[in-house]
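> Pasted the sequence and its predicted model underneath.
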Amino acid sequence: GEDVEQSLFLSVREGDSSVINCTYTDSSSTYLYWYKQEPGAGLQLLTYIFSNMDMKQDQRLTVLLNKKDKHLSLRIADTQTGDSAIYFCADYKGSTGGGNKLTFGTGTQLKVEL
Amino acid sequence: DAGITQSPRHKVTETGTPVTLRCHQTENHRYMYWYRQDPGHGLRLIHYSYGVKDTDKGEVSDGYSVSRSKTEDFLLTLESATSSQTSVYFCAISGRGAGEETQYFGPGTRLLVL
């Protein structure tokens, strides 16, 4: 079946850049998403990229998509302590029936150290 | 948050008792989803709805049922709770206009089954 994989942990120093990686198996994915989850909270949509793009930038966030390798990354510039959270990637394929189903990775815990 | 509330936010119950979780949205979105979040598994889809009275199963639907009698409400019922259903449950919505595939999440319900 379809699979989305992420590394479990990433630790960076405040002010450095963070790069969170994700690989997926389904080449028919049309959108790929990044969500952020802070402790005790729901998932907050950070950004997404359409499959015909290879890069998207939004303020401190840069998303890179390599369709050939089925690899997605999220770069956070000038990482701050408030960026400490779990980051989930998810992929979406167009649904033929009744739902826009996402497949989530297991999440990457980002820890920002002073 | 995109106008999504979940109730209750926390619940402790005993094995064998029925439990109903409620998701309420004020966005008039067509699609609603129930996920569970467990360590090492990311988010897994339980059930989803593509309209009033239209629902379908996700990947982990055993032991759960859902109902949607109004656009704004989506109920998740555990007919006879088991300890394996201890989890954090998230509701999500999607589906109005452009970008309808993007899902927005509620704050979650923490359920402990003793």
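That came in fine, so what should we check first?
> helices or strands next to the worst-scoring helix or strand of chain A on mean pLDDT in the packing?
In chain A, no helix or strand scores lower on mean pLDDT, DSSP states H and E than strand A:102-104, which sits at a mean of 89. For strand A:102-104, the elements it packs on are strand A:85-92, strand B:42-51, judged by 3 or more CB pairs under 8 Å, 6 or more residues apart in numbering or on different chains; DSSP states H and E. For the C-beta atoms, the positions are set from N, CA and C on the backbone; glycine is no exception.
> In the chain, what residue spans correspond to strands?
Since you didn't name a chain, this refers to chain A. Here chain A has its strands, by DSSP state E, at A:4-6, A:9-13, A:18-24, A:31-37, A:43-50, A:55-58, A:61-66, A:71-76, A:85-92, A:102-104, A:108-113.
> Not quite, go with chain B.
Assigned by DSSP E, the strands in chain B fall at B:4-7, B:10-13, B:19-25, B:31-38, B:42-51, B:54-57, B:64-70, B:73-78, B:87-94, B:104-105, B:109-113.
> would you turn these into CSV with mean neighbour count and distance to chain A?
Output for the strands of chain B, formatted as CSV (neighbours: other CB atoms under 10 Å in any protein chain shown; distance: least, CB to the nearest CB, whole Å):
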stretch, mean neighbour count, distance to chain A
strand B:4-7, 18, 8
strand B:10-13, 13, 10
strand B:19-25, 19, 11
strand B:31-38, 24, 6
strand B:42-51, 21, 3
strand B:54-57, 16, 6
strand B:64-70, 16, 12
strand B:73-78, 20, 12
strand B:87-94, 23, 5
strand B:104-105, 22, 4
strand B:109-113, 18, 9
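> Serialize these to JSON lines and add fields for mean pLDDT.
As requested, the strands of chain B are exported to JSON lines (pLDDT from 0 to 100):
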{"stretch": "strand B:4-7", "mean pLDDT": "96"}
{"stretch": "strand B:10-13", "mean pLDDT": "97"}
{"stretch": "strand B:19-25", "mean pLDDT": "98"}
{"stretch": "strand B:31-38", "mean pLDDT": "94"}
{"stretch": "strand B:42-51", "mean pLDDT": "92"}
{"stretch": "strand B:54-57", "mean pLDDT": "92"}
{"stretch": "strand B:64-70", "mean pLDDT": "97"}
{"stretch": "strand B:73-78", "mean pLDDT": "98"}
{"stretch": "strand B:87-94", "mean pLDDT": "95"}
{"stretch": "strand B:104-105", "mean pLDDT": "92"}
{"stretch": "strand B:109-113", "mean pLDDT": "97"}
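> and A:Asp3, how far is that from B:Lys57?
Per CB to CB, to the nearest Å, A:Asp3 is found 20 Å from B:Lys57.
> and what of A:Leu61?
Remark: distance between A:Leu61 and B:Lys57 (CB to CB) = 34 Å.
> Next: B:Trp34.
11 Å.
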